[in-house]
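Enquirer: Compute the structure for the input listed below.
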Amino acid sequence: MHNPFTLFQSSSGGYMVAFAGKKYAARSPPVFVANISYTVTGFTLVLEFQKGTLQNLFWKPGGCSSCSGRSDFACVDGSCAIKTTSCRGKGGQVDCNPGIQLAFSGTDKHEAVLNSWYEVSKLRQYSLFGLFSNLKDSLTSQFSSFF
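Expert: Model prediction:
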């Protein structure tokens, strides 16, 4: 089976949009994903509601504090991006498939406030993705001869 992200990633410049709805669709602005040099793997999509009706979709920049000082990362369009050559299938060992967190803002149909997007930055600092990704790679390389 072929991974469609691999084709997308190897193009000269890759962006993605999110959309929802039929007659009155909400569409996000484009967000950078990958090019020949860099790949962004973590995204946060904010769904903005008004009285329970989806009004808007937008990408919340991940920030670049976690990639400063690391030679295999760069800040691209406000998000950390890894060198594409570090990605599995491009000469490296890192799983560069994209991950998308959803966050909500606005109000539900009862006008209760939805504000999970404020918590996203706090959640990222406790993310175990990197830890488990490294652990998985370490175990896979050590036990690959058994399987």
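Enquirer: Excluding covalently adjacent residues, which one is nearest to residue 44?
Expert: Once flanking residues are discounted, residue 44 sits nearest to residue 60: 4.3 Å by C-beta to C-beta, 6 or more residues apart in numbering. Just so you know, the C-beta spots here come from the backbone N, C-alpha and C atoms, and that holds for glycine as well.
Enquirer: ugh, wrong one, I meant residue 35
Expert: With C-beta to C-beta, 6+ apart, the residue lying closest to residue 35 is residue 13, at 4.8 Å.
Enquirer: Quickly note the distance from that neighbour to residue 31.
Expert: Going from residue 13 to residue 31 by C-beta to C-beta, to the nearest Å gives 12 Å.
Enquirer: Same question for residue 20.
Expert: Residue 20 sits 15 Å away from residue 31, going by C-beta to C-beta.
Enquirer: More neighbours: those two, which one.
Expert: Relative neighbour count places residue 31 above the other of residue 20 and residue 31, with 21 against 11, counting by other C-beta atoms under 10 Å.
Enquirer: my guess is the more buried one meets residue 81, correct?
Expert: No - taking contacts as C-beta atoms under 8 Å, residue 31 lies outside contact range of residue 81: 11.6 Å.
Enquirer: Can you show me the strands along this protein?
Expert: 14-16, 19-20, 26-27, 31-34, 38-39, 42-50, 53-60, 73-76, 79-83, 99-107, 113-115 (DSSP state E).
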